[in-house]
Structures are given as C-alpha cells and as structure tokens.
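[1] Sequence and predicted structure are below.
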Amino acid sequence: MRRKSSAYQSFRHLLLHQQPQKFICDVCGRGFSRAYRLSEHVRSHTGERPYQCGVCNKRFTTHSVLWKHRKIHRTAPRPEDKDQPVSR
C-alpha cells in the first residue's frame, strides 16, 4: 500500500476509486475513469511500445516506465551528450 503524505492526498486518492469508469476496453472489458489510462492499457493487448530509451534503445509502453528505466543509466551520458566524455 502506498503511503500518503497528508490526509488530503489520501482523500483525493480514495476519490479516484469512486469515479465512474466511462472508458471500457473492447478486448477485455476492463474499465477506466480516464481516456489516457485506457489508451495506455490497450497497448498491453497490441504490444505497442512508443517510448524508447535514448541510451539503450529499449522500448516501453508508458512514459513513466521509461523514466523509471532511465535510472539505470545515471552514470551514462544522455543521448544528446553521447559525443561528450562522462566526468566522474
């Protein structure tokens, strides 16, 4: 379970679970309260991975998963800095 830093944030999180699920997946029937969440979910059925790591070229279904992945490259140069030496 996630820890919330305040009672207000906890309240807002609980409201998410009470929202109507207007966006339904045609493949499996899972419901979502936001259209972008349905779009992300549909990729689990299609195999689409539009977000690519600029360092290792690995591909991901969501931007947030790509950001988490990029942590493994912290000591590596960013794609725009590939031609520059890495200072340690």
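    Everything's here; your move.
[2] From now on I want contacts and neighbour counts done on CA atoms only, so please keep to that.
    Noted.
[3] what comes into contact with the host helix or strand of residue 68?
    Using DSSP states H and E, residue 68 sits within helix 63-70. Here helix 63-70 makes contact (Cα atoms under 8 Å, 6 or more residues apart in numbering) with 51-53, 59-60.
[4] repeat that with 6 Å
    With contact meaning Cα atoms under 6 Å, 6 or more residues apart in numbering, helix 63-70 is reached by residue 60.
[5] Show the pLDDT at the spatially most central residue of the chain.
    Nearest to the mean C-alpha position of the chain, by Cα atoms, centre = their mean, lies residue 64 at 2.8 Å. Here, the pLDDT recorded for residue 64 equals 92.
[6] And the one 5 residues further on, by the same measure?
    Per-residue pLDDT puts residue 69 at 94.
[7] now residue 77
    In this model, residue 77 carries a pLDDT of 59.
[8] And the one 4 residues further on, by the same measure?
    For residue 81, the model assigns a pLDDT of 54.
[9] go on, residue 6?
    Per-residue pLDDT puts residue 6 at 85.
[10] count of neighbours near it?
    Residue 6 has 8 neighbours, counted by other Cα atoms under 10 Å.
[11] Okay, it and residue 50: tell me how far apart.
    Separation of residue 6 from residue 50 (Cα to Cα, to the nearest Å): 35 Å.
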